[in-house]
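Participant: got a structure for you, letters missing:
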C-alpha cells in the first residue's frame, strides 16, 4: 500500500535553532523560507540537500495547537511521516478496515477526486501522524 516515503516532520520549539543545528549536523539547508503561521497553529520550514526537501520542521504558533500539545507531552521529535500511495481511496479503506482512524475527511466518506492528502491519527499509529498522499500531491508539489 505504501509506495514511497516522501518526508518526515519534526516538531521543534524553534525552527531557527533546529535549522541551524540540522545544517551543521547533516549539511542540509532550508529549501524555502519559514512559512507564516498556518490555520492549524504552527509555522513550517523545509530542509533538504538542495535537490530534495525531505525534512519538515514544525514550530507551534498557537499554544493550544496539536504541535504545542505534542511538544508539551513528548518533547521535540518525529511528529509525522508522509508517504505516497498509488490509490488513496484503497489506502483509506485498508487503514479503516484494520483499525486505523483517518482524519482530513469525514469518518463515513472516502477521499474524493479532489482530496489529495489524508492523515492516519496518531492514536492508531503508536503516536505518529502518518500522512497518505496521492503521488505528486504532497505539500511542496
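Facilitator: That came through, no problem. None of these values were measured; they are calculated from a predicted model.
Participant: Only C-alpha atoms from now on, for both contacts and neighbour counts.
Facilitator: Fine.
Participant: is it fair to say residue 72 lies in a strand?
Facilitator: No: assigned with DSSP: H, G, I helix; E, B strand; the rest coil, residue 72 falls outside any strand and is helix.
Participant: Start the count at 97 instead of 1 going forward.
Facilitator: Renumbered: residue one is now 97, and that last one reads residue 168.
Participant: Report the separation between it and residue 219.
Facilitator: 17 Å (C-alpha to C-alpha, to the nearest Å).
Participant: Setting the sequence-adjacent residues aside, check what's closest to residue 143.
Facilitator: residue 126 (4.3 Å; C-alpha to C-alpha, 6 or more residues apart in numbering).
Participant: number of nearby residues for that neighbour?
Facilitator: 21 (other C-alpha atoms under 10 Å).
Participant: residues contacting it?
Facilitator: For residue 126, the contact set (C-alpha atoms under 8 Å, 6 or more residues apart in numbering) comprises 115, 141-144.
Participant: Between the residues you listed, identify the one with the most neighbours.
Facilitator: Going by other C-alpha under 10 Å, residue 142 tops those with 24 neighbours.
Participant: re the thing from before, so can I have JSON lines of the contacts of residue 126 showing pLDDT?
Facilitator: Listed next are the contacts of residue 126 as JSON lines, based on pLDDT from 0 to 100:
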{"residue": "115", "pLDDT": "96"}
{"residue": "141", "pLDDT": "95"}
{"residue": "142", "pLDDT": "93"}
{"residue": "143", "pLDDT": "94"}
{"residue": "144", "pLDDT": "91"}
